[in-house]
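**Student:** take a look and give me a structure for this.
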Amino acid sequence: MIHLIKRPLITEKAMKLASLGQYVFEVHPDANKLEIKKAIEQLFEVNVVSVRTLRIKGKNKTRMTKKGLMRGKTKLIKKAYVTLQSGQSIELVSGVGGTEE
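**Tutor:** Presented below is the predicted three-dimensional model:
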């Protein structure tokens, strides 16, 4: 179950949502909402109210090299926006702000 969650996404938008009790995770592309909910609840020991998902298609990339054009494609990414029960939170980044001595 827990292997479905790849990593938390720590961006400016995600940090704004974290203050509202919503967190953003990159998840396995084949994971569904129920599996994501169970994995988050087991991993962080919180109560999940809702899960919203979105899939970002891979982009075609081209670059010029000495040997000519190289073409490739970026991989598909699936994000999950997880809303927690009010009063609960997940500590995503430990040591934010540092310590003063």
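
**Student:** next one, pLDDT for residue 60 please.
**Tutor:** Each residue has a pLDDT score; the one for residue 60 is 96.

**Student:** what lies in contact with stretch 19-33?
**Tutor:** With CB atoms under 8 Å, 6 or more residues apart in numbering as the contact definition, stretch 19-33 has outside contacts at 3-9, 11, 13-14, 17, 36, 39-40, 51, 53, 55, 76-86, 88-90, 92. C-betas here are computed from N, CA, C, even on glycine.

**Student:** in it, what's buried?
**Tutor:** Under the neighbour-count criterion of 16 or more other CB atoms under 10 Å, stretch 19-33 has 21-25, 27, 31 buried.

**Student:** of the residues you listed, closest to residue 65?
**Tutor:** Lowest distance from residue 65 to those (CB to CB) belongs to residue 27, with 33.7 Å.

**Student:** the contacts of stretch 19-33 in strands, which ones?
**Tutor:** Counted as lying in strands by DSSP state E, out of the contacts of stretch 19-33, are 5-8, 51, 53, 55, 77-84.

**Student:** where is the longest helix in this protein?
**Tutor:** Taking DSSP state H as the criterion, the chain has its longest helix at helix 33-44.

**Student:** pull the number of nearby residues for residue 88.
**Tutor:** 13 (other CB atoms under 10 Å).
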